[in-house]
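A.B. asks: sequence first, then the predicted structure, then my questions.
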Number of protein chains: 2
Amino acid sequence: MVAIISLTPELDKQSEIPLYQQLFHYLKGQIESGLLKENERLPSIRQMSAYLSVSKNTVETAYQQLLAEGYVHSRLRSGLYVMALEKLEGAVEQKRVKTGPIMDPAAKLPHAINFEYGDVELEHFPVRLWKKCLVDALEECTVEVYGYGDRQGHAGLRGEIAKYLYQARGVVCSQEQIFLSAGTQTTISLLAQLLPLPRDIAMEEPGYHGVRTVLLNMGRNMIPIPLDSDGISTEYLKQCEAKTVYVTPSHQFPLGMIMPVQNRIKLLQWAYEQDGYIIEDDFDSELRYQGQPIPALKALDTGDKVIYLGTFSKSFLPGIRLSYMVLPERVTQEYRNKLEAYSQSVSPLIQAAMYRFMKEGYFESHIRKMRKLYQSRHKLLLRTIQEQLGSQVEVIGERSGMHLLLDVHGRSSDELVMKALEHEVIVYTPRKHWLDAEACPPSYIMLGFGGLSEELIREGIGRLKQAWFG
Amino acid sequence: MVAIISLTPELDKQSEIPLYQQLFHYLKGQIESGLLKENERLPSIRQMSAYLSVSKNTVETAYQQLLAEGYVHSRLRSGLYVMALEKLEGAVEQKRVKTGPIMDPAAKLPHAINFEYGDVELEHFPVRLWKKCLVDALEECTVEVYGYGDRQGHAGLRGEIAKYLYQARGVVCSQEQIFLSAGTQTTISLLAQLLPLPRDIAMEEPGYHGVRTVLLNMGRNMIPIPLDSDGISTEYLKQCEAKTVYVTPSHQFPLGMIMPVQNRIKLLQWAYEQDGYIIEDDFDSELRYQGQPIPALKALDTGDKVIYLGTFSKSFLPGIRLSYMVLPERVTQEYRNKLEAYSQSVSPLIQAAMYRFMKEGYFESHIRKMRKLYQSRHKLLLRTIQEQLGSQVEVIGERSGMHLLLDVHGRSSDELVMKALEHEVIVYTPRKHWLDAEACPPSYIMLGFGGLSEELIREGIGRLKQAWFG
C-alpha cells in the first residue's frame, strides 16, 4: 500500500471544479508520471477522506472515475490497485468471463460431416447477382436505404412478395397486409406484442421449438395437440380451450407430413366457429418433391382467419434474416396503428437488395435451381439410406423439405449421436421440438441435408452405418 | 349463372384420384378453354353435389381449390364467379386493402424541411469504405456469413465492440458478455424474454417511448419516475416498489440532461441495495459537445448490476439495424443457455461488414468526423434559434445528441406543428415519450437535426419564425 503521506493533492474548495475532479486529476497524474506504481494499493476511502478532510463521497467518486478510466483495478474485498500503464491498452483482452459454450458440437469438430438442419447450399449460390443487387441498393444512397426504413418493410419488396405468394402459394393478398421482420422468432414476438395473441395457444406436438420457446417466454400457455398421419388432429384441437393454433400444414415440422385439403378445410371451419386465428408457418413450401403442390392454407381462407408466416431462410439464405407475415385484412389496420411505436428490424439495405433480386426474376430462377438441386440430394439421401442402413431404420417425412427423420429401431438417440460423433458425423435428436421431451421416441434421429454435397451425403451415411451397425 | 346441365364432368368413383380433384380439374379445364366464361356464377355447393351425386365436401374442396388458384373469385353472400383469365395475372395488383397511413407527415410533404429525430447525415457517409467491407464480407462466402450466424453475434465484432466500449466509454467487459440484436427494441424484447425482467419496471418520465411500448406490450408495469435537473430522481425511485429501472444517464431522452457522477453513484447504490438491475441505454454518447466526457454508468458498476445497451443507429447508420447489450457477468451464462433456442436477428453479412469497418479503424475516424460535423450543425442551430426566435423560445437539452427541445412559451404544439406544416417545415411534439401524455408541456417542440445540412437548418428556422411569429 502506498504511504498516504506521500499523497499531497492541493484541493481548492473554492474552485468551480468539483473536489472529486481535482482529486481524480491529481491521482491520475501521479499514476501517469509513475509516482504511483503498478500494484500499489490506494488508501481506503475512509482513510483518504479523513486525511484530506473531504467527504467519503468525494473520494469514492474520484476512485470510481479512476476505475472507469482504467487507471486502477479492483480486487474483491481488498481495494483498488494501480494498473500498469502498459497494461491499460490490453485490459479488454485480459478480461475473460467464464462461460460455457452455446451448445454446438460443430465448433468442436469443424471437419466433421454435419447433418444440421438449417444449413443451405452455398456452392451454387448466385454470389455475383446478389452482390450486384446489394451494391446497387447501397449506391442509391437514399434515406430509404440508410435510415430506419419503412416500419412495415420496403414497399416494393412487399409488392414482390405479394406477387410471389399469389403465383407460388395461391395466396391473394395486398402488400398492405405484409409485415417484414428479422426472422420468424422476431415476427412471432411482434405478433404476440401487437395483435396480441391470447394466453392459450394450441400447437402441434411435436412442433417447431423456436416458435414455442418465444411464446412460452412471453407468458403464453402452449397446449400440445397430437398429430395423426395427416398432421394436426382437428378432433383433439376441438377438445381444448384454445382459440388460436400454430400449424405447419404444408410440411409438418419436424415429422414431415403434408395436410390434405379436406383436413385444411376442417381446420379452417374450426377457426371460423371459434372466431379464432390460425398461424400458418409455411417455412419451406418451395421444396416439395412428390405429388402436386397444394396451395397454402391461407389460400383457402375465405373467412380471413389465417395469419401466414413466410421466410427467405430456406428458399434463399438464412443469412439475410428476412421473414414476413401476411395478416388477415380485419386486423391489418389495428396492427399498423400499433406499429407506429416500432422500428423495422430488417436492415433496409438488405430489403432493397432483395427487392431488386426478386424484381429482376433472379429469385424465381434461384428457387427453380435449388428445388432441383435439393431434390436430387434428397433422392440420393433416401437411396443411400436404403442401400446402407436398409431395414434397420425407417425414414419419416420424406416428401419435402431439407431434412428427414430416421427411426433407428430399438436404439437410443443419445447413444446414436455419440457413436456418430466418434466417426466424425454430427447428427441430432429432434427432442427439443416436443413440449414434453419425454414423449419424443428415443430412437428418432434428425438429418438435415441442405448444406451437404452429394459426396458428403454418401460418405456421411456410410460412416453412420459403421458407427451404428459396424 | 351457368346452366348446371352444361357441366358434365365424368367422375370416376373407382379412380385413385380423389373425386374433388377430378372435379377441380374438370372445372379448371372448362375455365381455361373458355367454356365457362368470365363472371359466370358456379352452381351452389348444394346444387352441384345433388346434381353429381357426390358429397358437399367434395364439391366444397374442389371449389376451394379453384378459389385458391385464382380461377374463380368469391362475392360475399352470393357465390363463386369465374375470373377473367387475362385478369388472373393482375389479381394481386387489383387487391387493395383499405388502410390508413402509418403516421408520417413526411410522406405527404416530401420536399418539406423535416426536423425528424433519428435522421442521420448521409452526404458525408463513407459509402466507398462501407461498400468495400460489405463486398469483402460477401465474397468470403462462408457459412458464417451466409448461414444463421452465431446466436450471440459475430465473435470478432463483439471483440471490436468490447475494445470500443473500453476506449470510448470506460466499460471493461468481455465479448462473452456482449449480445447483438436488430435494434434496441429487439434487444429489450429478448431481454424481457430471456432474463426475464420483473413485472414492475421503473423508467424516466419522460423517457424513450420505443422501449416503454415494448415493455408495456410484454405485460410489464411501467412505473414513471420524475426527473430533476440532473436526470432521474433517485429519491422518487426509492419510494417505488420496482427493483429494475431503465435510464439514459449520459443523455436523458428526450430532455437532454447529463447525470453527474455523484448521482450515478447514488443510482448504483440503489441497485445494490435492491439487488435489482439498471438498464442503461447509452444511445448517443458519442455525440457530446460540451464539458468533459463522463464514462458510462456501466463503467462505475463494481457490483455487476448494470445492463448496458448500445446502438450503431446514431454513431453510424440506422439502416444497419445493429444494436447490442452488455450483460452483467452473473447472468451471462444463464442468458447464453437460454439463447440456444433463439436465432440471431442481425444479418451475419452486416455483422461481418461492420467487423471489418471497426477493425480497420474506419469506425473511429467516422465517429470523429461525425462528432465534428454534428457539433457544428448543433452550434449553428442554437445560434440561428437565438437570432431568429430569440426570447420567444427556450432551448432545452442543448449539451449533446442530435436533437433538442424548444419551449415555445404559451403556445400549443398542435398549433405549432400545423403552422409549421403550412410553411413546409415538419416538426414534432415529444408527447409520446411521456407515459402520461397529458403531462407533456403543451408548448414543447422536438427538433432533430441529424439529417439536415447547415443551409436547411438556417432556412428551416427562418420558416419557423414566419410560421409561429410572422
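C.D. replies: Great, that's in hand.

A.B. asks: domain map for chain A?
C.D. replies: A:4-94, A:105-120+A:365-469, A:127-360 (automatic domain parsing).

A.B. asks: what is the mean pLDDT for the longest one?
C.D. replies: When pLDDT is averaged over domain A:127-360, the result is 93.

A.B. asks: picking that back up, make a markdown table from the domains of chain A and add distance to chain B and mean neighbour count to it.
C.D. replies: Where you see a C-beta, it was placed from the backbone N, CA and C, and this is true even at glycine. Formatted as a markdown table, the domains of chain A follow (distance: least, Cβ to the nearest Cβ, whole Å; neighbours: other Cβ atoms under 10 Å in any protein chain shown):
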| stretch | distance to chain B | mean neighbour count |
| --- | --- | --- |
| domain A:4-94 | 4 | 16 |
| domain A:105-120+A:365-469 | 6 | 18 |
| domain A:127-360 | 4 | 21 |
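
A.B. asks: which one of the ones you listed lies nearest to residue B:154?
C.D. replies: Among the domains of chain A, the nearest to residue B:154 by Cβ to Cβ is domain A:127-360 (11.3 Å).

A.B. asks: if we can go back for a sec, got a markdown table for the domains of chain A, with distance to residue B:165 too?
C.D. replies: As requested, the domains of chain A are arranged in a markdown table below (distance: least, Cβ to Cβ, whole Å):
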| stretch | distance to residue B:165 |
| --- | --- |
| domain A:4-94 | 8 |
| domain A:105-120+A:365-469 | 25 |
| domain A:127-360 | 22 |
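
A.B. asks: among those, which is nearest residue B:10?
C.D. replies: Each of these has some distance to residue B:10 by Cβ to Cβ; the shortest is domain A:127-360, at 20.1 Å.

A.B. asks: quick one on the thing from earlier: nearest to residue B:135, of the domains of chain A?
C.D. replies: Comparing these against residue B:135 with Cβ to Cβ, the closest turns out to be domain A:127-360 (6.4 Å).

A.B. asks: run the chain-centre distance for the closest one.
C.D. replies: Centroid separation for domain A:127-360 versus its chain: 15 Å, with Cα atoms, centre = their mean, to the nearest Å.

A.B. asks: and it, end to end?
C.D. replies: End-to-end distance of domain A:127-360 (Cα to Cα, to the nearest Å): 15 Å.

A.B. asks: what do you get for stretch A:442-459?
C.D. replies: 25 Å.

A.B. asks: and what of stretch A:253-266?
C.D. replies: Taking Cα to Cα, the first and last residues of stretch A:253-266 lie 20 Å apart.

A.B. asks: ramachandran angles for residue A:323?
C.D. replies: When read as degrees, to the nearest 10, the backbone of residue A:323 gives phi -130, psi 170.

A.B. asks: and what of residue A:326?
C.D. replies: According to degrees, to the nearest 10, residue A:326 has phi -110, psi 120.

A.B. asks: not counting its neighbours along the chain, what's nearest it?
C.D. replies: Of all residues not flanking residue A:326 in the chain, residue A:308 sits nearest, at 4.0 Å (Cβ to Cβ, 6 or more residues apart in numbering or on different chains).

A.B. asks: partner strands of the host helix or strand of that neighbour, parallel or antiparallel?
C.D. replies: Using DSSP states H and E, the element containing residue A:308 is strand A:306-311. Strand A:306-311 has its sheet partners listed here by DSSP bridges as strand A:277-281 (parallel), strand A:323-326 (antiparallel).

A.B. asks: C-alpha coordinates for stretch A:397-406, PDB please?
C.D. replies: Coordinates of each C-alpha in stretch A:397-406 appear next as PDB, following Å, rounded to 0.1, in the frame of the first residue of the first chain:
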ATOM      1  CA  GLY A 397     -41.300 -37.400 -43.600                       C
ATOM      2  CA  GLU A 398     -39.600 -38.000 -46.900                       C
ATOM      3  CA  ARG A 399     -41.900 -36.000 -49.200                       C
ATOM      4  CA  SER A 400     -40.400 -32.500 -49.000                       C
ATOM      5  CA  GLY A 401     -38.100 -30.100 -47.200                       C
ATOM      6  CA  MET A 402     -34.400 -30.100 -46.200                       C
ATOM      7  CA  HIS A 403     -34.500 -32.700 -43.500                       C
ATOM      8  CA  LEU A 404     -35.900 -36.100 -42.600                       C
ATOM      9  CA  LEU A 405     -36.200 -38.200 -39.600                       C
ATOM     10  CA  LEU A 406     -34.800 -41.700 -39.000                       C
END
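
A.B. asks: what does that stretch rub up against?
C.D. replies: Under the contact criterion Cβ atoms under 8 Å, 6 or more residues apart in numbering or on different chains, stretch A:397-406 has outside partners A:117-118, A:120, A:250-252, A:254-258, A:284, A:287-291, A:314, A:374, A:378, A:381-382, A:385, A:389, A:393-396, A:430, A:444-450.

A.B. asks: could you redo the last one with a cut-off of 6 Å?
C.D. replies: Contacts to stretch A:397-406, defined as Cβ atoms under 6 Å, 6 or more residues apart in numbering or on different chains, come from residues A:117, A:251, A:255-256, A:284, A:287-290, A:382, A:393, A:395-396, A:444-448, A:450.

A.B. asks: out of those, which sit inside strands?
C.D. replies: Among the contacts of stretch A:397-406, the members falling in strands (DSSP state E) are A:393, A:395-396, A:444-448.

A.B. asks: please, where are all the helices along the stretch 101-250 of chain A?
C.D. replies: Using DSSP state H, counting those that start in this stretch, the helices of the stretch 101-250 of chain A run over residues A:105-108, A:127-140, A:143-146, A:155-169, A:184-194, A:209-217, A:234-239.

A.B. asks: what lies in contact with the strand holding residue A:308?
C.D. replies: Around strand A:306-311, the neighbours that count as contacts under Cβ under 6 Å, 6+ apart are A:184, A:277-283, A:297-298, A:323-326.

A.B. asks: and the residue nearest to residue A:326, bridged to which residues?
C.D. replies: Taking DSSP bridges as the rule, residue A:308 bridges to residue A:280, residue A:326.

A.B. asks: rewinding a little: now, among the ones in strands among the contacts of stretch A:397-406, which is nearest to residue B:353?
C.D. replies: Among the ones in strands among the contacts of stretch A:397-406, residue A:448 lies closest to residue B:353 (Cβ to Cβ), at 27.4 Å.

A.B. asks: mind listing the helices for the stretch 251-400 of chain A?
C.D. replies: Ranges of helices within the stretch 251-400 of chain A are A:261-274, A:329-339, A:348-359, A:362-388, based on DSSP H, counting those that start in this stretch.

A.B. asks: TSV for the ones you listed, including distance to residue A:244?
C.D. replies: Shown next, in TSV, are these (distance: least, Cβ to Cβ, whole Å):
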stretch	distance to residue A:244
helix A:261-274	8
helix A:329-339	12
helix A:348-359	29
helix A:362-388	31
